[in-house]
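Participant: I would like the atomic coordinates for the input below:
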Amino acid sequence: MIKKYFRRLESIIALAQSLMTPKQFLFLSSVLTGISCAFAVIVLKTFAHSVFSFATYINGILKLSFINSILPIIGITLTVFVVNKVLNGSIQKGTSQILYAVAKKASIIPKKQMYAQIVTSSLTVGLGGSAGLESPIVITGAAFGSNFAQNYKLQYKDRTLLIGCGVAAGIAAAFNAPIAGVLFAIEVLLVDVSISAFTPIMISAATGALVSAIVLDESILLSFKKQETFDYHNIPFYVLLGVLTGLVAIYYSRNFQKVEHYFAKQQINPYKKALIGSSLLALLIFIFPTLFGEGYESIKTLSDADPGLLLDNTLFADFRNNPWVLLLFVGATAMVKVFASGLTIGSGGNGGNFAPSLFLGSYLGYFFSKLVTMIGLSKLPISNFTMVGMAGILSGLFHAPLTAIFLIAEITGGYGLMIPLMIVSSISFAISKRYEKYSLDVKGLAKKGHAFTSNKDSNILSTLEIDTIIQCDYLTVHPDENLSKLVDLISHSNQVVFAVVNNDKDLVGVVHFNDIREIIFNSYRVKYTFIRDVMKAPTATISTLDSMEIVMRKFETSKSAFLPVLRDGKYHGFISKSIALEAYRTKLRSMTIE
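Facilitator: All right, here's what the predicted structure looks like:
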């Protein structure tokens with residue numbers, strides 16, 4: 001019955017495509033992508049909130065967070081089971097896979113990502129894993145956009161644009177923040193788009209936010225009603241908060257990767273790894289129950305009038321009215337959040353770092369402002385600092401200051417905090433960028449030479465495969481041959497450069513036609529001059545493992561039109577600078593999103 005319904009729907013969409021112009025169909029596609037992403041968000045958020053409410057109810061009876069500790073073990077173990085039995089033993093995590101798909105896979109994302117992320121993240125985060133649902137939501141939205149485009153045979157530029165539509169709709173629906181959704185898609189993923197590309201992305205984001213607002217209970221979303229007036233006298237403290245969030249973002253990024261890499265290196269049974277990691281996570285959650293799940297409920301509690309509620313049903317419940325104990329609890333929770341998130345994902349769970357960054361930022365903002373107030377240095381608006389702190393960590397961790405500014409502005413219901421948001425986000429971004437060249441999600445790609453950055457040339461060069469422009473049919477000569485052999489080769493080919501190789505195929509030199517032009521017209525010198533006498537050492541060599549960015553840099557520094565290529569240390573062929581530039585121009589034309 002469901003298959004029949006979807007076939008009928010596909011037929012209607014196909015008919016619409018035949019009747020519409022390409023641009024009109026792209027607008028329709030952005031709406032449908034937005035609707036699909038919104039329902040994915042609704043399923044994930046509703047499930048996660050229901051489990052949290054159930055755990056809170058049970059722990060209220062037991063008076064300690066026993067259920068909070070047990071559920072993540074079950075969730076991560078079930079996630080590993082689904083990955084191994086249903087998803088062929090692997091699942092890609094993090095938004096970096098979207099960047100890789102755009103850069104290296106012609107914006108084609110596997111179909112299984114349309115459901116794999118929803119299933120695994122709902123088990124992990126829904127059952128209490130200390131991670132976020134936004135990254136799985138974004139990947140799911142990107143998969144919807146990519147596969148929709150593939151299904152209706154849209155070109156690369158439109159596939160990429162619909163990926164951006166899915167990403168924007170996912171963020172917009174998750175926070176009811178359409179502007180933040182648009183900015184995230186452009187600032188983090190589609191780093192080079194024209195103004196006209198904004199329209200489909202805005203349509204998709206608005207659609208996702210609208211569907212989410214209509215269907216999803218507002219209490220499930222992260223939103224704030226309480227906001228104090230901005231006082232310019234507090235600007236020095238916002239500057240200090242910006243510095244602090246920038247440093248903590250670096251701390252989070254580095255330690256998260258250490259934990260994740262530690263588990264990745266362990267060659268043990270995946271179920272055993274899941275049990276070890278989730279058990280350590282359970283211990284952290286038992287001590288710090290607010291680490292359970294996304295943690296959005298505790299963020300709301302921090303900004304309310306009675307943050308002492310965080311200590312209810314914990315080991316520190318007897319001190320709920322002691323402000324110093326509460327402050328230490330908040331500070332300690334903030335510092336161990338990175339290890340909770342690392343354990344969740346590293347041991348086999350699925351989730352992202354978007355929600356943890358907001359969690360950490362709110363706790364850090366509260367800790368800083370409360371400490372300043374308690375020691376009598378100044379009376380700060382704690383709720384404001386709690387909210388602005390989220391923008392600081394988000395900006396520093398993802399290198400996305402605009403997304404951070406407008407996300408917090410939208411979920412707080414106004415732009416009264418725009419100035420402190422700009423101050424904290426920009427300072428945090430500057431500090432983080434100084435010590436961490438790439439954002440948390442891009443680090444892994446950068447190490448493999450696949451980084452997709454805001455540098456347009458680097459982006460395009462990263463998509464070019466060096467093997468596609470190597471010319472392996474160039475004729476070679478031996479150093480002990482005389483020039484008559486070379487003259488014969490020149491007369492029967494179009495080559496102007498020849499590699500000189502020995503019997504072991506080692507590159508020993510290069511001969512350029514211009515260097516022997518005067519000699520070849522003298523028969524005596526041709527007969528008695530050997531190639532080893534006229535060859536020169538290459539100004540630079542290229543390895544088949546080099547990226548295209550490195551190749552172009554070598555052309556620039558060597559001032560050569562041809563460079564020899566080595567594979568495993570042996571001569572393999574030549575790369576022509578003119579052919580490399582033509583490949584760049586061709587890719588530039590195909591990748592420009594208009």
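Participant: where does the prediction get shaky in the protein?
Facilitator: 1-3, 60, 62-65, 190-196, 225-227, 414, 444-463, 587-594 (pLDDT under 70).
Participant: other SSEs contacting the longest helix seen in it?
Facilitator: The longest helix of the chain (DSSP state H) is helix 22-62. Judged by 3 or more Cβ pairs under 8 Å, 6 or more residues apart in numbering; DSSP states H and E, helix 22-62 is in contact with helix 2-19, helix 66-85, helix 113-124, helix 134-151, helix 156-175, helix 198-215. Using the backbone N, CA and C atoms, a C-beta is placed for each residue, glycine as well.
Participant: now the angle between helix 134-151 and the last one, please.
Facilitator: Between the direction of helix 198-215 and that of helix 134-151, the angle (axes from the mean of the first three to the mean of the last three Cα atoms, to 10 degrees) works out to 120 degrees.
Participant: measure how helix 198-215 sits relative to helix 22-62, angle-wise.
Facilitator: 40 degrees.
Participant: relative to the whole chain's centre, how far out is the following helix or strand past helix 198-215?
Facilitator: Sequence-wise, the next helix or strand downstream of helix 198-215 (DSSP states H and E) is helix 235-265. Put simply, helix 235-265 sits 16 Å off its chain's centre (Cα atoms, centre = their mean, to the nearest Å).
Participant: which ones are touching Gln117?
Facilitator: 91, 136-137, 139-140, 143, 350 (Cβ atoms under 8 Å, 6 or more residues apart in numbering).
Participant: repeat the analysis, applying 7 Å as the threshold.
Facilitator: 136, 139-140, 350 (Cβ atoms under 7 Å, 6 or more residues apart in numbering).
Participant: please confirm that Gly126 is located within a strand.
Facilitator: No - secondary structure of Gly126 (DSSP: H, G, I helix; E, B strand; the rest coil): coil, not part of a strand.
Participant: can you name the two of the contacts of Gln117 that are farthest apart?
Facilitator: Thr140 and Asn350 (11.4 Å; Cβ to Cβ).
Participant: neighbour count winner among those two?
Facilitator: Asn350 (32 against 28; other Cβ atoms under 10 Å).
Participant: quick check, the more buried one in a strand?
Facilitator: No - per three-state DSSP, Asn350 lies outside any strand segment and is coil.
Participant: can you name the residues that contact the closest residue to it other than its chain neighbours?
Facilitator: What sits nearest to Asn350 in space, not counting adjacent residues and going by Cβ to Cβ, 6 or more residues apart in numbering, is Thr120, at 3.9 Å. Neighbour list for Thr120: 79, 82-83, 91, 350 [criterion: Cβ under 7 Å, 6+ apart].
Participant: for the stretch 251-400 of the chain, what spans make up the helices?
Facilitator: Taking DSSP state H, counting those that start in this stretch as the test, the helices found in the stretch 251-400 of the chain are 270-287, 296-303, 323-346, 354-374, 382-398.
Participant: between those helices, which one is closest to Ala213.
Facilitator: helix 296-303 (16.9 Å).
Participant: ok, and what's touching the host helix or strand of Val508?
Facilitator: Using DSSP H and E, Val508 sits within strand 507-512. Strand 507-512 has contacts (Cβ under 7 Å, 6+ apart) with 477, 479, 486, 496-502, 531, 534-538, 564, 566, 571.
Participant: then stretch 209-223?
Facilitator: For stretch 209-223, using Cβ under 7 Å, 6+ apart, the contacting residues are 35, 38, 41-42, 45-46, 49, 172-173, 175-178, 296, 299, 411.
Participant: list the contacts of the residue lying closest to Ser383 once chain neighbours are set aside.
Facilitator: Distances taken as Cβ to Cβ, 6+ apart place Ser303 nearest to Ser383, at 4.4 Å, with adjacent residues excluded. By Cβ under 7 Å, 6+ apart, Ser303 lies in contact with 224, 226, 383, 386-387.
Participant: could you single out the nearest of these to His233?
Facilitator: Closest to His233, out of all of those and judged by Cβ to Cβ, is Ser383, at 16.9 Å.
Participant: returning to what we had before: with distance to Ser491 and neighbour count added, can I get the contacts of Ser303 in a markdown table?
Facilitator: As requested, these are arranged in a markdown table below (distance: Cβ to Cβ, whole Å; neighbours: other Cβ atoms under 10 Å):
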| residue | distance to Ser491 | neighbour count |
| --- | --- | --- |
| Phe224 | 80 | 19 |
| Lys226 | 85 | 15 |
| Ser383 | 83 | 21 |
| Thr386 | 79 | 28 |
| Met387 | 77 | 29 |
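Participant: from those residues, pick the one nearest Ser369.
Facilitator: Closest to Ser369, out of all of these and judged by Cβ to Cβ, is Thr386, at 7.2 Å.
Participant: partners of the strand or helix carrying Val565 in the sheet?
Facilitator: Element membership for Val565 (DSSP H and E) is strand 562-567. In the sheet, strand 562-567 lines up against strand 542-543 (parallel), strand 570-576 (antiparallel) (DSSP bridges).
Participant: for Gly365, which non-adjacent residue is closest in space?
Facilitator: Gly389 is the one closest to Gly365 (Cβ to Cβ, 6+ apart), at 2.3 Å.
Participant: residue contacts, that neighbour?
Facilitator: For Gly389, the contacting residues are 241, 245, 361-362, 364-365, by Cβ under 7 Å, 6+ apart.
Participant: returning to that earlier point: out of the helices of the stretch 251-400 of the chain, which is closest to Pro420?
Facilitator: Of all these, helix 382-398 sits nearest to Pro420, with 5.0 Å by Cβ to Cβ.
Participant: pull the CA atoms of that closest one into PDB?
Facilitator: Extracted C-alpha coordinates of helix 382-398, given in PDB (Å, rounded to 0.1, in the frame of the first residue of the first chain):
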ATOM      1  CA  ILE A 382      23.200  35.300  33.900                       C
ATOM      2  CA  SER A 383      20.500  34.200  31.500                       C
ATOM      3  CA  ASN A 384      22.000  36.400  28.800                       C
ATOM      4  CA  PHE A 385      25.500  35.000  29.300                       C
ATOM      5  CA  THR A 386      24.100  31.500  29.300                       C
ATOM      6  CA  MET A 387      22.600  32.000  25.900                       C
ATOM      7  CA  VAL A 388      25.500  34.000  24.400                       C
ATOM      8  CA  GLY A 389      27.900  31.300  25.600                       C
ATOM      9  CA  MET A 390      26.200  28.800  23.200                       C
ATOM     10  CA  ALA A 391      27.100  31.000  20.300                       C
ATOM     11  CA  GLY A 392      30.700  31.200  21.400                       C
ATOM     12  CA  ILE A 393      31.300  27.500  21.500                       C
ATOM     13  CA  LEU A 394      29.300  26.800  18.300                       C
ATOM     14  CA  SER A 395      31.300  29.500  16.500                       C
ATOM     15  CA  GLY A 396      34.600  28.200  17.700                       C
ATOM     16  CA  LEU A 397      34.000  24.500  17.200                       C
ATOM     17  CA  PHE A 398      32.400  24.700  13.700                       C
END
